[in-house]
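> Dropping the sequence and predicted coords here.
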Amino acid sequence: MTERVDFYVLKDATPKQGWTFACRLTEKAYLRNMRVAILTETDADSVSLDGLLWTFTDRGFVPHEIYREAGSAASASPVYLTADPDGGPGADLLVNLSDRMPKQLQRFARIAEIIDADAERKRLGRERFKCYRELQLALETHQLDAATDI
């Protein structure tokens with residue numbers, strides 16, 4: 001059952017800032033022994049984010065896999081990436097980098113929505129906020145700039 005949805009609203013309109021923030025958030029959750037799912041918009045985004053997870057920091061390592069299908073190696077990984085809103089096993093935290101509403105919310109204890117300053121992505125984020133509110137989930141909004149530490 002989903003306990004809470006956090007919206008992290010970034011001041012920058014570049015997707016790379018959102019992805020870098022997602023990597024930091026994922027690392028923090030992983031270090032707390034949480035299982036993390038990252039929902040991307042496309043398979044190409046999953047591949048790009050996979051590369052960023054290897055390089056975003058030189059001080060640590062976040063073991064991860066791209067989830068391709070049921071029974072894949074990602075099902076045992078503490079962090080997995082997928083472009084399929086229905087795909088992947090449950091997790092303690094879902095980091096949503098897509099413009100879509102995730103499906104089967106009960107698979108995730110918490111959801112982190114990362115919204116950058118792009119006008120269209122902000123509009124889609126507000127729509128998801130309304131959907132979560134209609135589902136009566138606890139919502140938190142965090143306004144962030146590039147220097148904000150999570």
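Ah, there it is. Numbering: from 1, shown residues only.
> how near is the most centrally placed residue in the chain to Gln136?
Residue closest to the average C-alpha location in the chain (C-alpha atoms, centre = their mean): Val95, at 1.5 Å. Using C-beta to C-beta, to the nearest Å, one gets 22 Å for the distance from Val95 to Gln136. Just so you know, the C-beta spots here come from the backbone N, C-alpha and C atoms, and that holds for glycine as well.
> what's the answer for Pro85, then?
Using C-beta to C-beta, we find Pro85 at a distance of 21 Å from Gln136.
> The two: who's more crowded?
Residue environment comparison for Pro85 versus Gln136 gives the larger neighbour count to Pro85, 15 against 7, counting by other C-beta atoms under 10 Å.
> wait, what's in contact with Ser46?
By C-beta atoms under 8 Å, 6 or more residues apart in numbering, the contact list for Ser46 reads 38, 40, 66, 81-83.
> quick one: which of these has the most company?
Ile38 (32 neighbours).
> can you tell me the helix or strand for that one?
In the assignment (DSSP states H and E), Ile38 maps to strand 36-39.
> looking only at pLDDT, what's the mean for that strand?
Model confidence over strand 36-39, given as mean pLDDT, is 96.
> Same check on stretch 115-134?
94.
> how about that stretch: buried residues?
Judged by neighbour count using 16 or more other C-beta atoms under 10 Å, the buried positions of stretch 115-134 are 115-116, 118, 121, 124-125, 128-129, 132.
> Give me the spatial nearest neighbour of Phe21, chain neighbours excluded.
Ile114 (5.9 Å; C-beta to C-beta, 6 or more residues apart in numbering).
> quick one, what contacts that neighbour?
When the contact criterion is C-beta under 8 Å, 6+ apart, the partners of Ile114 are 8, 10, 18, 21-22, 25, 95-97.
> And Leu52, by the same measure?
If a contact means C-beta under 8 Å, 6+ apart, then Leu52 has 19-20, 23 as its contacts.
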